[in-house]
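1. What follows is a protein structure lacking sequence information:
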């Protein structure tokens, strides 16, 4: 991935690094899918060599489907994204291809090399050998309970949205943009901290973005919504003076240009963000229909993706001001929503793949039993693959800067919601849709 970025001559931004870290989590995710499938084959009594061959073969479809849907959201983000988000989309897209290459080819070569060398290969320990193998939870019968839980959270979020609103960033409400040149190389994080401590309104820090320009490390682009709602005649001068004083805490500098980010530009950005989300949902739905040849699968997947996106939106309004970090709605937030739409389908596709497999293998399969069996048999993979991504996101959240923490928080909420929606929303909706379509066909 690093080699590909170097060959493209790309500039590594903070969102780009986030894309690399997320790629690491997804790369492990692909290997977990393979190893969990190999474990299932071993439990059937197959020798290691045969279990590995069948495990790789049977996991391939789910891995390709999961990465293809993530690729769709990455491509949409690359087209409609601006600035640093293009860097995130670029690393994510390249990472998808490197992940497929390493998981499907490199991992396989290493394992078969060990097998040819007569070295021991184990896919579980004594403790983990039978984890999640005896699960028999009835997901389908209790689906209306989970529909109700989701509906309650979404209603609470809608009420908070209408009463408390969001912490809107400059990408949505406009602001003032500056280009600044320091005499010496400067740390953007130090500048961001100086702005947060100095640009205060009603005791709250104004939303500000700081982006490095060029390779010298002493030029920055700064955008802030400080005093955005102040209509006095001298507001532009006051904003520049206060920003200048804040920047002076970091070092000697010069503000080379300044201009106002018009609200109409923010309206255009908002419209682009909404269309990007709609387009991603539509394309993912089309892909699911193409792969599974069933409209009920596409409806279940699309509703689950919309559910996950809305859960993140609700979290940002319900928890705004209640957590010790900024939940700002900006282009990072939009990138998180699009990435969640692409990633959360991953787990859903794995389970849909298993449902399709069970329907092919069984004679006269009963709908409820088959879907419950598919959910229980893939529960270990659902938890393990999500944990690999949550671990990497946790590292980013703890050690990352304030500029990226809101994005990572959105991703964490999205991954957790993704597991929940796959188990309790997407597949139960398939049951309801299939019953509905079955009644119409019978008529």
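-> Here it is on my side, so go on. Note that the structure is predicted; figures quoted are calculated from it, not measured.

2. average pLDDT for the helix or strand residue 431 falls within?
-> Taking DSSP states H and E as the criterion, residue 431 maps to helix 427-442. In this model, helix 427-442 has an average pLDDT of 74.

3. Same question for stretch 121-138.
-> pLDDT averaged over stretch 121-138 gives 75.

4. how far does it stretch from start to finish?
-> 35 Å (C-alpha to C-alpha, to the nearest Å).

5. all numbers from here: first residue = 14
-> New numbering, starting at 14: the last item is stretch 134-151.

6. And the contacts of that stretch?
-> Stretch 134-151 has contacts (C-beta atoms under 8 Å, 6 or more residues apart in numbering) with 48, 51-52, 55-56, 61, 65, 124, 127-128, 385, 388-390, 392-393, 396. Heads up, the C-betas are built off the backbone N, CA and C, glycines and all.

7. let's go with 10 Å and repeat that
-> 47-56, 61-62, 64-65, 68, 123-125, 127-128, 381-382, 385-386, 388-397, 436 (C-beta atoms under 10 Å, 6 or more residues apart in numbering).

8. With stretch 170-178 instead?
-> Contacts of stretch 170-178 (C-beta under 10 Å, 6+ apart): 179, 323-334, 342.

9. gap between stretch 255-262 and the chain center?
-> 35 Å (C-alpha atoms, centre = their mean, to the nearest Å).

10. Report the residue spans of the stretch 14-163 of the chain with pLDDT below the cut-off.
-> Applying pLDDT under 70 to the stretch 14-163 of the chain picks out residues 23-28, 31, 94-98, 142, 145-146.

11. Output the below-cut-off pLDDT ranges for the stretch 214-363 of the chain.
-> 227, 275-282.

12. all helices of it, in order?
-> Using DSSP state H, counting those that start in this stretch, the helices assigned to the stretch 214-363 of the chain run over residues 248-261, 276-305, 308-331, 344-374.

13. which one of these has the most crowded surroundings?
-> Greatest average neighbour count among those goes to helix 344-374 (a mean of 24), per mean count of other C-beta atoms under 10 Å.

14. What is the subsequent helix or strand relative to that helix?
-> Next along from helix 344-374, by DSSP H and E: helix 380-390.

15. quick one: whichever helix or strand comes after that next one to helix 380-390, angle?
-> In the C-terminal direction, the helix or strand that comes right after helix 380-390 (DSSP H and E) is helix 392-412. Per axes from the mean of the first three to the mean of the last three C-alpha atoms, to 10 degrees, the angle that helix 392-412 makes with helix 380-390 is 50 degrees.

16. and which of the contacts of stretch 170-178 is nearest to residue 364?
-> residue 324 (18.7 Å; C-beta to C-beta).

17. if I pick the closest residue to that closest one other than its chain neighbours, what's in contact with it?
-> Nearest-residue entry for residue 324: residue 430, 4.2 Å, with adjacent residues in sequence omitted and distances by C-beta to C-beta, 6 or more residues apart in numbering. By C-beta under 10 Å, 6+ apart, the residues touching residue 430 are 163, 166, 317, 320-325, 327-328, 353, 357, 438.

18. Dump those residues to CSV, plus distance to residue 247.
-> Converted to CSV, these look like this (distance: C-beta to C-beta, whole Å):
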residue, distance to residue 247
163, 49
166, 45
317, 51
320, 48
321, 46
322, 42
323, 42
324, 43
325, 39
327, 40
328, 39
353, 43
357, 48
438, 53
